[in-house]
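Undergrad: What follows is a predicted protein model with its sequence.
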Amino acid sequence: MLLIQYPLWLGKGGWLRVWDLDQQVIAAQKKNEELKARNAKLTSEVQDLQEGTGAVEERARYELGMIKENEIFIQVLEPNGKPAAAQDMPQPVTIPDTVRR
């Protein structure tokens, strides 16, 4: 009876092999879902960059430190003298020309 059970449980097409392959399929499906979500996010980001200037302005501000004409940049320093993190920094303030003169 044991000789008959061996191929069923431990053989080439046995239950343990089937279970292992099933786990691999589940892991691959999970990875695919994560990659699909990442691709959707990248697609929407590309679309934003192609269609509007808002995303370009945001990247220019936060990644390149650029400001628009007629804006004054104010840098906030932490007590240790290092610049604050970008998410903690306020948006640049726009001062109208009439006030600046």
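TA: Yes, it's here.

Undergrad: Relative to residue 60, how far out is residue 44?
TA: 19 Å (CB to CB, to the nearest Å). Yep, even glycine has a C-beta here, placed from its N, CA and C like the rest.

Undergrad: One more: residue 21?
TA: 50 Å.

Undergrad: again with residue 40
TA: With CB to CB as the criterion, residue 40 and residue 60 are 24 Å apart.

Undergrad: likewise residue 37?
TA: 27 Å.

Undergrad: These two - which one has more neighbours?
TA: residue 60 (14 against 10; other CB atoms under 10 Å).

Undergrad: tell me the contacts of that one?
TA: residue 66 (CB atoms under 8 Å, 6 or more residues apart in numbering).

Undergrad: Which helix or strand contains it?
TA: helix 54-64 (DSSP states H and E).

Undergrad: and that helix, how far out from the chain's middle?
TA: 16 Å (CA atoms, centre = their mean, to the nearest Å).

Undergrad: go on, stretch 58-74?
TA: 22 Å.

Undergrad: just the strands in the protein please.
TA: Listed in chain order, the strands found in the chain under DSSP state E are 71-72, 93-94.

Undergrad: mean pLDDT for those: which is lowest?
TA: In terms of average pLDDT, strand 93-94 trails the rest of these, at a mean of 56.

Undergrad: State which helix of this protein is the longest.
TA: helix 15-51 (DSSP state H).

Undergrad: From the contact counts, what lies against it?
TA: helix 2-10, helix 54-64 (3 or more CB pairs under 8 Å, 6 or more residues apart in numbering; DSSP states H and E).

Undergrad: Put together CSV for the ones you listed, with distance to residue 70 on each row.
TA: Formatted as CSV, the helices and strands packed on helix 15-51 follow (distance: least, CB to CB, whole Å):
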stretch, distance to residue 70
helix 2-10, 76
helix 54-64, 14
